[in-house]
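>>> sequence first, predicted coordinates after that:
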Amino acid sequence: WLGLRKGQLVFEDDGVQYPAFTLLPLREGEDSDAPLLSLASVWLLIALRDRYEADATDALLERHSAMRIAAEQRPGLLDFLFGRCEACALLVPAQALTSVPPPSPTRLPRPGGGQSSRS
């Protein structure tokens with residue numbers, strides 16, 4: 001499960017969280033100089049899916065420091081994110097990955113401070 005809480009995208013199953021403004025190796029457009037998409041921008045697209053056009057209001061995007069993903073990019077990006085295709089025109093090529101800042105995840109505190117008993 002993942003969710004947005006206090007400016008952090010939380011991945012509870014993995015026990016980590018990332019700042020919502022974390023830049024991903026995905027571009028806003030197909031040009032090599034197009035801005036990188038943030039984790040919050042992509043998360044909102046995934047969360048809203050078919051309701052993105054109506055529900056991704058300027059106020060919602062601003063509240064989460066997200067950028068609007070263009071209508072023509074959404075279907076291909078969603079197909080890629082859900083594993084329905086192996087390629088995406090917005091993906092930063094391997095030789096340019098050094099242009100993407102490294103993420104800075106933090107571990108989620110464990111309730112009670114105990115160790116996980118997962119196997």
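Received, thanks.
>>> now do the contacts for Val42.
Applying C-beta atoms under 8 Å, 6 or more residues apart in numbering, one finds that Val42 lies in contact with Leu24, Leu26, Ile69, Leu77, Leu81. Bear in mind the C-beta positions are built from the backbone N, C-alpha and C, glycine included.
>>> I'd like the average pLDDT over the host helix or strand of it.
Using DSSP states H and E, Val42 sits in helix 39-48. What helix 39-48 shows for mean pLDDT is 96.
>>> list the contacts of the residue nearest the centre of the chain.
The centroid of the chain falls nearest to Leu39 when counting by C-alpha atoms, centre = their mean (2.7 Å). Leu39 makes contact with Leu9, Tyr18, Pro19, Ala20, Phe21, Thr22, Leu23, Leu24, according to C-beta under 8 Å, 6+ apart.
>>> quick check: closest non-adjacent residue to Arg84.
Nearest non-adjacent residue to Arg84, counting by C-beta to C-beta, 6 or more residues apart in numbering: Leu78, 8.0 Å away.
>>> what's Pro25 sitting at in phi/psi?
When read as degrees, to the nearest 10, the backbone of Pro25 gives phi -80, psi 50.
>>> also Ala20?
The phi/psi pair for Ala20 (degrees, to the nearest 10) reads phi -60, psi -30.
>>> that one reaches Leu37, doesn't it?
No - Ala20 is beyond contact range of Leu37, at 11.8 Å (criterion: C-beta atoms under 8 Å).
>>> of the contacts of Leu39, which is the most crowded?
Greatest neighbour count in the contacts of Leu39, by other C-beta atoms under 10 Å, goes to Leu9: 22 neighbours.
>>> wait, a strand at that one?
Yes - counting by DSSP: H, G, I helix; E, B strand; the rest coil, Leu9 is located in a strand.
>>> ok, now which ones touch it?
For Leu9, the contact set (C-beta under 8 Å, 6+ apart) comprises Leu2, Gly3, Gln17, Tyr18, Pro19, Ala20, Thr22, Leu39, Ala40, Trp43.
>>> just confirm the third one is within a strand.
Yes - Gln17 forms part of a strand when assessed by three-state DSSP.
>>> and the pLDDT at it?
Note on Gln17: pLDDT of 95.
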